[in-house]
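Asks: Provide a 3D model corresponding to the input given below.
(2 chains)
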Amino acid sequence: MTGRPRRGRWWRVALAAPPVTFLVVFFVWPVAAIVLRGLRPGGTWDLSAVGDVLTDPVIRRVAWFTLWQAVLSTVLCVVAGLPGAALFARYRFAGKRFLWAALLVPFVLPTVVVGVALLGVLGPNGVSGVDLSGTLWAVLIAHVFFNYAVVVRTVGGTWSTLDPRLGEAARTMGASPWRAFREVTWPLLRPAVAAASSIVFLFTFTSFGVVLVVGGIRQRTLEVEIYDQTARFMHLDVAAALALVQLVVVVAALAWFGRTQRRRAVVLDQRPAVEVARRPTTRRDRAFVAANLVFMALLLGVPLGVLVARSFSTSGGWGLGNYQALDTVRRGSTSFVPPLDAVWNSLLFALAATVVAVVLGACAAWAITGNGRGSSPRWARWTDTALMVPLGTSAVTVGFGMFVAFGQAPLDLRSSLWLVPLAHAVVAMPFVVRLLVPALRSIDPELREAAGVLGASPWAVWREVDLPVVSRAMAAAAGFAFAVSLGEFGATVFLSRPERPTLPVAIYRVLGRPGEANFGQAMALSVILMVLTVVVVLGIDRLRPVGSAEF
Amino acid sequence: MEPSGAALAVEGLGVRFEGAAAPALDAVDLAVGPGEVVALLGPSGCGKTTLLRIVAGLTAADRGRVLLDGTDLEGVPTHRRGIGLMFQDHALFPHRDVGGNVEFGLRMAGMAPAERATRVAEVLELVGLPGWERRAVGPLSGGERQRVALARALAPSPRLLLLDEPLGALDRSLRDRLVPELGVLFRSVGVTVVHVTHDQTEALGLADRVVVMESGGVVQQGAPEELWAHPANAFVARFLGFANVTEGPAGTELVRPEAVALVAVGPGEGDATVTNVVFHGAHWNVTVERDGDLGPLEAWVRSGPVARGDRVEVVIDPAGRQHL
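Replies: Numbering: from 1, shown residues only, chains lettered A, B, ... in the order given. Reported below is the predicted structural model:
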């Protein structure tokens, strides 16, 4: 008995226009430019490359491996991340807030650095004593290390707003704790799990740097192949064909995720998280919390610990030498600027990228969800799905495409400082949308109607109801966007100007120089990037609109 | 003093939802005078909530007009109608405290903070929650949430107040206490009230006039006493809680339970057997099965407990037989 809303839906279309336009200009056009450049050399279509690629047994093997390692990685991430999500949703413990932010660290570290850090544990001379480098296991562990936070934060965020009485109700009806989880909690969590899975799948499907480092020459993904074909062999036609194959799989996967998510969307009775979380009291509770913390320490702490340790390790023993060397330009070095300048570049770019991504992503999210009454129009569902495509497109393709597309009229941005933040915003916007859409869908439409009846105009309803209720998701989205920008590497390496490197680019440059001292400096820069991320994400998490309580 | 209530007129209102076989509302007319308290009574799905939502401007009607003090509300968005609405599950803003919820409408109207504080204190006093401004809404009990929702709806002094099952979620004793309380409150404020409910005691106890609805239309309306004394048809009678309604070729007959007397007799004697006894405090609600397939009969008995299985002699006061 909901009935139809009174007002038209023109505002939803108007809201969708800016993000869609943005993606067409800064994503579709560049990708089209690079694909056309590959498939239409000299102005005539030449599709032989696509045929060659599809029949090449080596490439078919690479494509098949890319697909199933992504599926396996996604499943592993969800299995590993669910207990962590439960931990944050259901328990209060010392350092919770810090840990919530710290989880993002692996996610934003440059892939190369993560690879090196993992090799420090699981490599030939790793502290674990087991050499997994070049194996599938190394790739899978690296993917879990990277994407653990996506599952924990996305699912944990939803879980913390689930009424625990639902599970308790099931328990009183004779369900075991496991049964109660399976029958009640799990179905309600599924939209969040689907959202997290889609992000993890897209990341692992287009995984590049980490596969390159820990997978050795035996484990190759499509993205590695695209990079090699573009940057090393200059086979733009083959690279373009590969990018097309990748795009087709991504779009198909997104369409599937989009459908499952819509089917499973449930209006949740949101409760403030403070009420739900409690201190672990029983022995079982404490064992669960402890087991989770030990797991996080092993998975995330050990590689990062090795990273920090190496940053303080100099030729003359432990010390700050690596850090002190960062603000100087050494003679004969390939750097134009002191590596430390990259910190300011990264912060500036990330700030700009976050603003663009949050504003446009929020427009898209509100356009997609509407006022919560009635079913979504078809165009809104398509927009929802289409906005996810940049997540699954190879960063190499996006970066190189922008480099090609914006190097000439009508949009010559190659010398503009905006190119890097815009590329980052393209990659970050899908996160914002993914985090905001479920939060908006879970707002009870009656809250908006109650505000309207009390005299709030549509604009006031948005300001007074939507905004405060999703403020937490907004803060998380901004944190994600900032983090994504800080760590983006694949596209930035094509777009950043030599005198304006971002931190990951600077780390990559320093790593590229031989020598123990340079390796130490790269580690030191990585530690700075890590600390920056934690500080910024913690800060954004605290930043809530005035008037919103702990929600 | 509060401004007096507005007159509401609903004319020929019709709406059919996408995919629905029957219209949710079918040419409904309703007139509510200034300051009148009207209850819309009916089972769920009869269209009463839809009617409320159309008056509030939350749902669009296919046909018909809504007039407030003679002004057609067509094209007037919800937030400019100046109508108060209390939702069934209250829809309190979880991110605002009690005061923040109650002052919301005042803030939307652009009232200065000092005046707002005064008004909020005044309304909270009115609903029996003085000084509760800074409490969070999360831990409130059902009755407290109901009072906050009422205070929030009353704060901007609406000329028309719509209540959607306002007491639906509350326990019996609380409802029994709140019904007269609300009645006094509405009349002291002078606001016009349209109150949707499926509970006949609530409707009869609170309203000046009760409008009974069934499948998108109005079946009967009148003062509570009038309705109780002369239900228009079997549906209304049953909905008001009368069990002894028989529909036969001779028409529909109602036997009022207070007119049924039961005389206790020995085993094998009398003309009916007691099948159920429910104690209601002031009386027993006794159901008997009459011999000869005459069907069950309900009686309100004030004295002499009977037990299940007892034989009784049924005596019906002729004044208690009504043809509807």
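
Asks: For the stretch 101-250 of chain B, which residues score under the pLDDT cut-off?
Replies: Applying pLDDT under 70 to the stretch 101-250 of chain B flags no residue at all.

Asks: Point out the residues in it that sit beside chain A.
Replies: B:Phe104, B:Gly105, B:Met108, B:Ala109, B:Ala136, B:Gly138, B:Pro139, B:Arg152, B:Ala153, B:Pro156 (Cβ under 8 Å from any Cβ of the partner chain). Backbone N, C-alpha and C define where each C-beta goes, glycine included.

Asks: So which of the residues you listed belong to strands?
Replies: In strands, defined here by DSSP state E, there are no members of these.

Asks: Out of these, the closest to B:Leu182 would be?
Replies: Checking those against B:Leu182 with Cβ to Cβ, the nearest one is B:Ala153 at 11.7 Å.

Asks: from what I can see the closest one touches B:Met86, true?
Replies: Yes: between B:Ala153 and B:Met86 there is a contact under Cβ atoms under 8 Å: 4.7 Å.

Asks: ok so, going back, would you mind writing the ChimeraX command to select the buried ones in the residues of the stretch 101-250 of chain B next to chain A?
Replies: Per 16 or more other Cβ atoms under 10 Å in any protein chain shown, the buried members of those correspond to this ChimeraX selection:
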select /B:104,105,108,136,138,152,153,156
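
Asks: what's the next secondary structure element after the helix or strand harbouring A:Val150?
Replies: Using DSSP states H and E, A:Val150 maps to helix A:136-159. Per DSSP H and E, the first helix or strand lying C-terminal to helix A:136-159 is helix A:164-172.

Asks: touching chain B at all, that following helix?
Replies: No: for helix A:164-172, no contact with chain B is found by Cβ under 8 Å from any Cβ; the gap never falls below 13.2 Å.

Asks: in that helix, what counts as buried?
Replies: A:Pro164, A:Leu166, A:Gly167, A:Ala170.

Asks: can you put those residues in CSV and add pLDDT?
Replies: What follows is these, written out as CSV (pLDDT from 0 to 100):
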residue, pLDDT
A:Pro164, 72
A:Leu166, 76
A:Gly167, 74
A:Ala170, 77
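
Asks: A:Met474 against A:Leu440, yeah?
Replies: No: if you go by Cβ under 8 Å, A:Met474 and A:Leu440 don't touch, sitting 10.3 Å apart.

Asks: And the two? Which one has more around it.
Replies: Each of A:Met474 and A:Leu440 has its neighbours counted (other Cβ atoms under 10 Å in any protein chain shown); A:Met474 has more, 25 against 20.

Asks: Show me what secondary structure element comes after the one helix or strand that one maps to.
Replies: Per DSSP H and E: A:Met474 is located in helix A:471-487. Using DSSP H and E, the helix or strand that directly follows helix A:471-487 along the chain is helix A:492-495.

Asks: neighbouring contacts of that next one?
Replies: A:396, A:399-400, A:402-403, A:419-420, A:423-424, A:502, A:504-505, A:508 (Cβ atoms under 8 Å, 6 or more residues apart in numbering or on different chains).

Asks: what packs against the helix or strand just after that helix?
Replies: Of the helices and strands lying after helix A:492-495 in sequence (DSSP H and E), the nearest is helix A:503-512. If you count contacts as 3 or more Cβ pairs under 8 Å, 6 or more residues apart in numbering or on different chains; DSSP states H and E, helix A:503-512 packs onto helix A:111-122, helix A:341-369, helix A:471-487, helix A:492-495, helix A:516-542.

Asks: got the angle between helix A:503-512 and helix A:471-487?
Replies: Counting by axes from the mean of the first three to the mean of the last three Cα atoms, to 10 degrees, helix A:503-512 lies at 30 degrees to helix A:471-487.

Asks: how about helix A:503-512: buried residues?
Replies: So for helix A:503-512, counting by 16+ other Cβ under 10 Å, buried means A:Leu503, A:Pro504, A:Val505, A:Ala506, A:Ile507, A:Tyr508, A:Arg509, A:Val510, A:Leu511.

Asks: Now do that helix and helix A:516-542, the angle between them.
Replies: Using the same axes, to 10 degrees: helix A:503-512 against helix A:516-542 is 170 degrees.

Asks: I would like the residues contacting helix A:503-512, please.
Replies: A:110, A:112-113, A:116, A:334-335, A:339, A:342-343, A:345-346, A:486-489, A:492-493, A:496, A:501, A:518-519, A:521-522, A:525-526, A:528-529, A:532.

Asks: Please repeat the previous calculation with a cut-off of 6 Å.
Replies: Residues from elsewhere that reach helix A:503-512 (Cβ atoms under 6 Å, 6 or more residues apart in numbering or on different chains): A:110, A:112, A:339, A:342, A:346, A:489, A:492-493, A:496, A:518, A:521-522, A:525-526, A:529.

Asks: now stretch A:369-387
Replies: By Cβ under 6 Å, 6+ apart, the residues outside stretch A:369-387 that reach it are A:2, A:5, A:12, A:16, A:254-255, A:258, A:364, A:368, A:430, A:433, A:440-441, A:445, A:448.
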